[in-house]
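Undergrad: Provided below are the primary sequence and the corresponding predicted coordinates.
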Amino acid sequence: MTILGRASDRFTARNLELMLLIRAAYGIPMGADDSRVTGGPSWLRSEKYDVDAKVDSAVVDELKTLSQDQRTLAQLQMLQAFLADRCKLAIHSETKDLAIYTLVIAKNGPKLQDAKPGETTSLGSGGNGETRSITGQAGSMAGLVRRLSVSLSCPVVDKTGLAGKYDFKLEWTPDDSQAQGLSTGAPNDRPAPPSDSNAPSFFQAIQEQLGLKLVSGKGPVEVFVIDHVERPSAN
């Protein structure tokens, strides 16, 4: 699927369940926890579709003038409009108390490097063998929180108070405790240390490398309820 946040003249998805596209349109991380999107027929989670949407050149030019966070929001709104048009998707939001993580500043303060003036914003995830990483250049806390939410398959709320742009690199080794938290949707901020890599565990890495901390708990989370949806017509 095309990565949101880039100014592209096309949006493409291949062999994708429509529920995953709905999750993407409403900013829900692609993880095991489906509690933030409910309702709708069973075929949303079984039938697969290809999407190839052309974006007008004037819209692409306008997207290029936005920051990455603003561009991502604009693209989400475009994808929501696309689903409403092609699938007659009607959806409403509610607020529920769910398991969340809160991102705060660790005891010894943040270890983020201030971005250089004029530096281009980029934020990406990667992996090398057993090690996983999130790398940011002129990245915001909002962008980092989205990536952390994806890695945890659980909502993350930013309470750091950090409003600048930062360069950082987070490297960690997934472990059984983190995997258990992902599958159950239950936050666990005390995972066992990894056994086969020099990289620390996810939660240790956040404290040691970023000077931040994830605190587990419960809190209000926006959830989405599907009221109506139809199979998309053939193009």
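TA: Sure thing, it's come through.
Undergrad: this structure: helices as residue ranges?
TA: Counting by DSSP state H, the chain has these helices, from start to end: 18-25, 57-64, 68-87, 141-152, 176-184, 202-205.
Undergrad: out of these, nearest to Arg36?
TA: Among these, the nearest to Arg36 by Cβ to Cβ is helix 18-25 (7.8 Å). In short, each C-beta sits where N, CA and C put it, glycine included.
Undergrad: return the member of the helices of the chain having the minimum mean pLDDT.
TA: Note on these: lowest mean pLDDT is at helix 176-184, with a mean of 42.
Undergrad: buried sites along stretch 221-228?
TA: Buried residues in stretch 221-228, counted by 16 or more other Cβ atoms under 10 Å: 221, 223-224, 226.
Undergrad: other residues contacting that stretch?
TA: Contact with stretch 221-228 is made by 22, 26, 28, 35-40, 44, 88-98, 100, 155, as judged by Cβ atoms under 8 Å, 6 or more residues apart in numbering.
Undergrad: name the nearest of the buried residues of stretch 221-228 relative to Leu162.
TA: Nearest to Leu162 among these, counting by Cβ to Cβ, is Val221 at 21.6 Å.
Undergrad: give me the beta-bridge partners of the closest one?
TA: Lys96 (DSSP bridges).
Undergrad: what separation do you get for it and Pro155?
TA: Distance, Val221 to Pro155, using Cβ to Cβ, to the nearest Å: 5 Å.
Undergrad: overlap in contacts, those two.
TA: 36, 98, 100.
Undergrad: narrow those to just the buried residues.
TA: Buried among the shared contacts of Val221 and Pro155 by 16+ other Cβ under 10 Å: 36, 98, 100.
Undergrad: wait, which of the residues you listed is closest to Ser149?
TA: The closest of these to Ser149 turns out to be Ile100 (Cβ to Cβ; 9.4 Å).
Undergrad: quick one: the closest one and Ser153 touch, right?
TA: No. In this structure, Ile100 is not within contact of Ser153 by Cβ atoms under 8 Å, at 11.9 Å.
Undergrad: tell me which residue is most central in the chain.
TA: The residue lying closest to the centre of the chain (Cα atoms, centre = their mean) is Arg146, at 3.8 Å.
Undergrad: what part of the chain, helix or strand, is modelled with the least confidence?
TA: In the chain, the helix or strand scored least confidently by mean pLDDT, DSSP states H and E is helix 176-184, which has a mean of 42.
Undergrad: distance check, the residue nearest to the centre of the chain against Gly139.
TA: The gap separating Arg146 from Gly139 is 10 Å, by Cβ to Cβ.
Undergrad: Ala58 now?
TA: Taking Cβ to Cβ as the measure, Ala58 falls 28 Å from Gly139.
Undergrad: neighbour count: these two, which is higher?
TA: Applying other Cβ atoms under 10 Å to Ala58 and Gly139 shows that Gly139 carries more neighbours, namely 25 against 8.
Undergrad: quickly list what the nearest residue to that one once chain neighbours are set aside is bridged to.
TA: Leaving aside its sequence neighbours, Gly139 sits nearest to Leu123 (Cβ to Cβ, 6 or more residues apart in numbering; 4.7 Å). In this structure, Leu123 bridges to Gly136 when assessed by DSSP bridges.
Undergrad: Leu123: neighbour count?
TA: Other residues near Leu123 come to 21 when the count uses other Cβ under 10 Å.
Undergrad: look at it and report its pLDDT.
TA: pLDDT recorded at Leu123 is 85.
Undergrad: residue contacts, it?
TA: Counting by Cβ under 8 Å, 6+ apart, Leu123 touches 5, 68, 134-137, 139, 143-144, 147.
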